[in-house]
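Q: All I have is the shape, not the residue letters:
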């Protein structure tokens, strides 16, 4: 007779027994913490472009999209908003995400539809004009756009763009470049295109919206992620892994052109994004990719127009800082306001260690404030940004 030795101590065995007994008595399963696995290419870390752009609402505002602080009024006046939602907007002292968080679940769908409708209206305006910024000032100078995005591009590397926005500003900007490339009006590197990493995780759950040529958006069930004219710049093959020589666009909070096969929008908002991400494999894959990137050393993270209001994103930023990361922040607010506000942000409240991580990484980088749209539209500011990134890399 064999005698098996237990690798656990007595105390650990007793804990395991109690858990087993509880599961039997309660007729429930013992559930482990969920972990969503992705498989990175073997050369991903060695060939990762350490220049990474993270964009928030302030970036899209440079192209004419509304800021988080101004969306309440537009949602209030939107045809999809219920009377109850309007009452919440009037009662709550906060932005639209605070309003959304206060709504009961059965009222959130109408609120989401109002947001979708607003984003789609703005997107159709951008599409009509074939210009990434129709409302603030004319920065549709495509060679300037190419200069900006080329800062974050290396031909033989995995290039990463992270956006927390659900709009299609990145797609539209690249679409404009692609159309110019086709018409031979100026030369552009053929490798500049967009790719959604790990899009195979969405195949079973995403229905896409395609676009009629008159600019209106409708739901379709045939194709994944497709806008008719986006095929020029976005790769739709379900090859999952990030791709070398492309911009790999991580849409961490979903997109206005993604919807669940059951009709639910793959677009998360409010103050519980960390848990809402669990609902969709598409977003879990993005979360896991960001987590793995955050463990890699010497990243220069350019944060453009992000308010530091999302706990799970702040965790990614802090982890990057721990690995000798450097931060370059572009924001409309001045540095004094920024540093004072940090202490009120999720994951940073009463956490001097995390605040110090961000401040130290910023001290090794640079802070740009003022008219942020200039950093995507004017030669001098774009060159200044590139020089700041190079200084980070050399020090």
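A: Good, I have the coordinates. In this text the structure is predicted, and so the values were computed from the model without any measurement.
Q: Which other helices and strands does the strand or helix carrying residue 124 contact?
A: Using DSSP states H and E, the element containing residue 124 is helix 105-129. Helix 105-129 sits against helix 71-76, helix 83-91, helix 96-102, helix 169-182, strand 217-219, strand 254-260, strand 265-267, with contacts defined as 3 or more CB pairs under 8 Å, 6 or more residues apart in numbering; DSSP states H and E. Any C-beta I mention is one placed from the backbone N, CA and C, and that applies to glycine too.
Q: Give me the angle between the second one and helix 105-129.
A: In this structure, helix 83-91 runs at an angle of 80 degrees to helix 105-129, with axes from the mean of the first three to the mean of the last three CA atoms, to 10 degrees as the basis.
Q: ok, and what's touching helix 83-91?
A: Around helix 83-91, the neighbours that count as contacts under CB atoms under 8 Å, 6 or more residues apart in numbering are 72, 75, 76, 96, 99, 102, 103, 107, 110, 111, 114.
Q: which one of these sits closest to residue 384?
A: Ranking the contacts of helix 83-91 by separation from residue 384, with CB to CB as the measure, puts residue 96 on top at 33.1 Å.
Q: list the contacts for that closest one?
A: By CB under 8 Å, 6+ apart, the contact set of residue 96 is 68, 71, 72, 75, 89, 115, 269.
Q: Equivalent analysis for residue 308, please.
A: Residue 308 makes contact with 314, 317, 341, 342, 345, 346, 348 under the criterion CB under 8 Å, 6+ apart.
Q: isn't there a strand covering it?
A: No - applying DSSP: H, G, I helix; E, B strand; the rest coil, one finds residue 308 to be coil, outside a strand.
Q: if I look at it, how far off is residue 248?
A: In this view, residue 308 and residue 248 are 23 Å apart by CB to CB, to the nearest Å.
Q: related to what we said a few turns ago, got the angle for the helix holding residue 124 vs strand 254-260?
A: Here helix 105-129 runs at 110 degrees with respect to strand 254-260, directions being taken by the same axes, to 10 degrees.
Q: pLDDT of the next helix or strand after helix 105-129, averaged?
A: Where DSSP H and E defines the elements, the next helix or strand beyond helix 105-129 is helix 142-150. Throughout helix 142-150, pLDDT has a mean value of 77.
Q: which is the next helix or strand following helix 142-150?
A: Scanning forward in sequence from helix 142-150 by DSSP H and E, the next helix or strand is strand 159-163.
Q: burial measure for the closest residue to residue 299 other than its chain neighbours, as a count.
A: Nearest residue to residue 299, sequence neighbours excluded (CB to CB, 6 or more residues apart in numbering): residue 325, at 4.6 Å. By the other CB atoms under 10 Å criterion, the neighbourhood of residue 325 contains 26 residues.
Q: Ramachandran angles for residue 325?
A: Backbone torsions of residue 325, given as degrees, to the nearest 10, read phi -70, psi 160.
Q: And residue 45, by the same measure?
A: For residue 45, the backbone dihedrals (degrees, to the nearest 10) come out as phi -70, psi -40.
Q: That one and residue 375: what is the separation?
A: In this view, residue 45 and residue 375 are 29 Å apart by CB to CB.
Q: How about the secondary structure of residue 385?
A: On the three-state scheme (three-state DSSP), residue 385 is labelled helix.
Q: just to revisit the earlier point, residue 45 and residue 375: which has the busier surroundings?
A: Set side by side, residue 45 and residue 375 give different neighbour counts by other CB under 10 Å, the larger being at residue 375 (22 against 14).
Q: tell me the contacts of the more buried one?
A: Neighbours of residue 375 in contact, by CB under 8 Å, 6+ apart: 62, 148, 304, 330, 368, 381, 382, 385.
Q: In this structure the first one contacts residue 371, no?
A: This points to residue 62. No - if you go by CB atoms under 8 Å, residue 62 and residue 371 don't touch, sitting 9.3 Å apart.
Q: Would you mind telling me which of those two has the busier surroundings?
A: Per other CB under 10 Å, whichever of residue 62 and residue 371 has more neighbours is residue 62, with 24 against 14.
Q: Just put the helices and strands packed on helix 105-129 in TSV and tack on mean pLDDT and distance to residue 274.
A: Written out in TSV, the entries for these read as follows (pLDDT from 0 to 100; distance: least, CB to CB, whole Å):
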stretch	mean pLDDT	distance to residue 274
helix 71-76	93	21
helix 83-91	93	22
helix 96-102	92	12
helix 169-182	68	23
strand 217-219	32	28
strand 254-260	75	14
strand 265-267	78	16
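Q: deepest of these, which one?
A: Highest mean neighbour count among these (mean count of other CB atoms under 10 Å): strand 254-260, with a mean of 23.
Q: Okay, now the sheet partners of that strand, with direction.
A: Next to strand 254-260 in the sheet, as set by DSSP bridges, lie strand 206-211 (antiparallel), strand 265-267 (antiparallel).
Q: wait, doesn't residue 319 sit right on residue 297?
A: No - with the criterion set as CB under 8 Å, residue 319 and residue 297 do not qualify as a contacting pair; they are 11.2 Å apart.
Q: So between the two, which is more surrounded?
A: Residue environment comparison for residue 319 versus residue 297 gives the larger neighbour count to residue 319, 18 against 11, counting by other CB under 10 Å.
Q: Just list the residues touching the more buried one, thanks.
A: So, once contact is read as CB under 8 Å, 6+ apart, residue 319 ends up touching 291, 294, 295.
Q: pLDDT on stretch 354-365, on average?
A: 97.
Q: Out of the helices and strands packed on helix 105-129, flag the one nearest residue 354.
A: Shortest distance between residue 354 and these, using CB to CB, is found for helix 96-102: 21.4 Å.
Q: in the stretch 201-350 of the chain, which spans are helices?
A: Residue ranges of the helices in the stretch 201-350 of the chain, as given by DSSP state H, counting those that start in this stretch, are 273-276, 281-293, 311-322, 335-342.
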